[in-house]
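Novice: with the sequence up front, the predicted model follows.
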Amino acid sequence: MKHLETTRMVCKMNDQTLRTQMLYSYPHSLRYTKRALLVFILLVFMYGYYYQDPGANGNSRLGLIFAIVQEQRLTIDSYYNQEGTQTVDIAFVNGHYYSDKAIGTSILGALFYVPIYWLMKLTGHQLSLLHIKYILTFLVVGLPSAFAGSLVYVLCETISGSRLRAYLATLAVTLGTMVLPFSAILFGHQLAGALLFCSFFLIFQLKLKPEWRAKFGYLFLICLLLGSAFITEYTTAVIILPLTIYYIYLLREKLSWRWFRFIMLPFLLGAFMPILILMVYNSLAFGNPLTIGYEHLANQYQASMSQGFMGISWPRLIVLFYLTFHPAHGLFWQSPVLLLALVGLYFLWRARRYRLEALIILVSFCFILLINSGYFMWWGGYSFGPRHLIPILLFLSLPLAMLPKRLVPLAIVLCAISIGQMLIPLAGNMLAPDDYFIENSHLKFFGYSSIYSFSFQQLVKGYFAYNLGEKIIGLRKWMILLPNILAILVMSGIFGISELHFLKVHRSK
């Protein structure tokens, strides 16, 4: 009788509760490691398969990488006007040219480039500039993005208790948004987004494992990631602030002088170490630790950047529309699966245990939208999408993972559409000219789409980005997309079979 009563109680449980209880009966490593590794492998392949030349923006960062390693100086005089590293994104001070960008991407790039450069000198084998740029792009942006994507999966499975929904949410944000194409180009936005999500993941673990709140090294790493994100993209400050509050809130029980070394000391050392590096760089390059490259621009944007606060004025309602729902550049048109993230926020909030995380995501998303709506170059310059929104995109995986089962079929359809639309600029050219946005103060509703009016037309004309399919196995034109599609289908099949097996085994118990 006791056994029958227990069976009835289990049958009354909903699938969410059953999954969560079963998942947490396994050791942490067995629950996540294999599946997270599969996600990592898929993303490494997707992010490393293509390479996009970064143009002026990335070449400015590359110039600083090469100057640091090859010349042991900060000026990019030798690179800003050379073929392969030519850029107009420069600052001019005391007769020398400098990169005007935040230095985080270049600092990490220099760390990776040092062994490559010295190995070339020792062996006498010189890689082509194209191959050096491709390798650095993958190491600096692609690899950290793939690692962050694996953490996205772990966190989504943790909160949802569902492998399938966690995988779908991960696929949606890592392949169905600007995260995908911008993981194959040497800009700073996706690297900053990866650093921010890794810090968020580590902070979340403090909630699950309170004993980690006394681990100095762990807390130091959280703060180091936050500081590194800031010196990679300055606008991430509006996301770092809510994350810092989140960090302090979870440690609130230890807010005493006795625990000062476990809370504020890691923050001061970790967060301010990257900022100290930035201040030293600013002093050496611009003569003032609080002066950045954007204050010494030597291009046509100098006047615009001097308006408001570094080119940012009050938010504009019409630009909010352009950034979100307008077909030209709108986030939700280019990645329609993110519409369900707005729905998922409700379900994330309704799960009382995750209300704080829902609030952090909502506030951060609103902050970065408002900041960008007031920026004079809200469209992001040469870009197919509003690239300044990229640092928040990985966070939207959590609300997607909390969608109810009845919305999963719709999520699959929208995810497929989103991935398809992101593959177009990735396989073609994502640096869409910004003439249209400069010349038109009011956009026609269906008058322009960066993806279809520019990137897709590049593919139609036969222009395809550098890719491994063509270089290694000789694929041509549209066939280069075949390995991407197969990789996604095979991995999705593996996760689908795993989910069916999970349900079959544990429902039979």
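Specialist: That came in fine, so what should we check first? These figures come from a predicted structure and were not determined experimentally.
Novice: any idea how far P315 lies from V238?
Specialist: Look at P315 and V238: by C-beta to C-beta, to the nearest Å, they are 12 Å apart. Every C-beta, even on glycine, is put in place using the N, C-alpha and C of the backbone.
Novice: more neighbours, the two?
Specialist: V238 (20 against 14; other C-beta atoms under 10 Å).
Novice: name the nearest residue to the more buried one, sequence neighbours excluded.
Specialist: Spatially, and ignoring its direct neighbours in sequence, V238 is nearest to F367 (3.9 Å; C-beta to C-beta, 6 or more residues apart in numbering).
Novice: surely the one you found touches I239?
Specialist: Yes - judged on C-beta atoms under 8 Å, F367 makes contact with I239 at a distance of 6.9 Å.
Novice: more neighbours: the two, which one.
Specialist: Counted by other C-beta under 10 Å, F367 and I239 do not tie: I239 has more neighbours, with 30 against 17.
Novice: buried by neighbour count: which residues of the helix or strand harbouring the more buried one qualify?
Specialist: Secondary structure assigned from DSSP states H and E places I239 in helix 237-250. Residues V238, I239, I240, P242, L243, T244, Y246, Y247, L250 are the ones in helix 237-250 that count as buried (16 or more other C-beta atoms under 10 Å).
Novice: OK, contacts around the fourth one?
Specialist: Shown here is P242, whose contacts under the criterion C-beta atoms under 8 Å, 6 or more residues apart in numbering are I360, V363, S364, F367.
Novice: secondary structure class for the last one?
Specialist: Just to be clear, that refers to F367. For F367, the assignment made with DSSP: H, G, I helix; E, B strand; the rest coil gives helix.
Novice: list the contacts for it?
Specialist: F367 makes contact with V238, I239, L241, P242, according to C-beta under 8 Å, 6+ apart.
Novice: what is the nearest of these to A110?
Specialist: I239 (25.1 Å; C-beta to C-beta).
Novice: where's the nearest residue to the closest one once chain neighbours are set aside, which helix or strand?
Specialist: Excluding the flanking residues, the one nearest I239 by C-beta to C-beta, 6+ apart is S364, at 4.5 Å. Per DSSP H and E, S364 falls inside helix 355-373.
Novice: got it, and L155?
Specialist: Residue-wise, L155 maps onto helix 143-160 under DSSP H and E.
Novice: next, the buried residues of that helix.
Specialist: Burial within helix 143-160, assessed by neighbour count using 16+ other C-beta under 10 Å, is assigned to 143-160.
Novice: coming back round to it: what comes up buried for the helix or strand following the helix holding I239?
Specialist: Sequence order places helix 260-286 as the next helix or strand after helix 237-250, per DSSP H and E. Across helix 260-286, burial judged by 16+ other C-beta under 10 Å covers 262-264, 266-267, 269-271, 273-274, 277-279, 281-282, 285-286.
Novice: skipping adjacent residues, who's closest to L394 in space?
Specialist: In space, L394 is closest to F197, 4.2 Å off (C-beta to C-beta, 6+ apart).
Novice: would you confirm that the one you found contacts L151?
Specialist: Yes - F197 lies in contact with L151 (C-beta under 8 Å); the separation is 6.6 Å.
Novice: re the thing from before, and for P315 and V238, which residues touch both?
Specialist: With C-beta under 8 Å, 6+ apart, P315 and V238 have common neighbours I371.
Novice: would you list every one of the strands in the stretch 51-200 of the chain?
Specialist: Per DSSP state E, counting those that start in this stretch, the stretch 51-200 of the chain carries strands over the ranges 90-93, 96-99.
Novice: and the stretch 351-500 of the chain, by the same measure?
Specialist: 466-467.
Novice: okay, and for it, where does confidence drop off?
Specialist: Residue ranges of the stretch 351-500 of the chain with pLDDT under 70: 436, 438-447, 499.
Novice: residues contacting the closest residue to P399 other than its chain neighbours?
Specialist: Of all residues not flanking P399 in the chain, G344 sits nearest, at 3.0 Å (C-beta to C-beta, 6+ apart). Residues near G344 by C-beta under 8 Å, 6+ apart: L398, P399, L400, A401, M402, L403.
Novice: secondary structure class for G344?
Specialist: Look at G344: counting by three-state DSSP, its state is helix.
Novice: now it: how far from L206?
Specialist: G344 sits 23 Å away from L206, going by C-beta to C-beta.
Novice: what's near enough to touch the closest residue in space to P391 that isn't next to it in sequence?
Specialist: Distances taken as C-beta to C-beta, 6+ apart place G193 nearest to P391, at 4.0 Å, with adjacent residues excluded. G193 sits next to S145, A148, V179, I390, P391, I392, L393, L394 when contact means C-beta under 8 Å, 6+ apart.
Novice: could you check how far Y294 is from W333?
Specialist: Computed as C-beta to C-beta, the Y294 to W333 distance reads 30 Å.
Novice: cool, and K471?
Specialist: From K471 to W333 the distance is 33 Å (C-beta to C-beta).
Novice: who's more crowded, the two?
Specialist: W333 (19 against 12).
Novice: in three-state terms, how would the nearest residue to the more buried one once chain neighbours are set aside be classified?
Specialist: Among residues not flanking W333 along the chain, P327 sits closest, at 5.0 Å (C-beta to C-beta, 6+ apart). Assigned with three-state DSSP, P327 falls in the coil class.
Novice: if we can go back for a sec, what's the angle from the helix holding L155 to helix 355-373?
Specialist: Between helix 143-160 and helix 355-373, the angle comes out at 140 degrees (axes from the mean of the first three to the mean of the last three C-alpha atoms, to 10 degrees).
Novice: so what does helix 143-160 touch, helix or strand wise?
Specialist: Using 3 or more C-beta pairs under 8 Å, 6 or more residues apart in numbering; DSSP states H and E, the elements in contact with helix 143-160 are helix 28-49, helix 163-175, helix 189-208, helix 397-401.
Novice: quick check: mean pLDDT across that helix?
Specialist: In this model, helix 143-160 has an average pLDDT of 95.
Novice: how far out from the middle of the chain is it?
Specialist: Here helix 143-160 is found 12 Å from its chain centre; the criterion is C-alpha atoms, centre = their mean, to the nearest Å.
Novice: again with stretch 124-134
Specialist: Distance, centroid of stretch 124-134 to centroid of chain: 26 Å (C-alpha atoms, centre = their mean).
Novice: ok, and for it, which residues are buried?
Specialist: By 16+ other C-beta under 10 Å, the buried positions in stretch 124-134 come out as I132, K133, Y134.
Novice: how close does the last one get to S418?
Specialist: Distance, Y134 to S418, using C-beta to C-beta: 26 Å.
Novice: ok, the second one next?
Specialist: Computed with C-beta to C-beta, the distance linking K133 and S418 is 28 Å.
Novice: got it, and the first one?
Specialist: From I132 across to S418, the span is 32 Å (C-beta to C-beta).
Novice: pretty sure D77 contacts S99?
Specialist: No - assessed by C-beta under 8 Å, D77 is found out of contact with S99, at 11.4 Å.
Novice: ok, those two, which is more surrounded?
Specialist: More crowded of D77 and S99, by other C-beta under 10 Å: S99, with 28 against 16.
Novice: perfect, that will be all.
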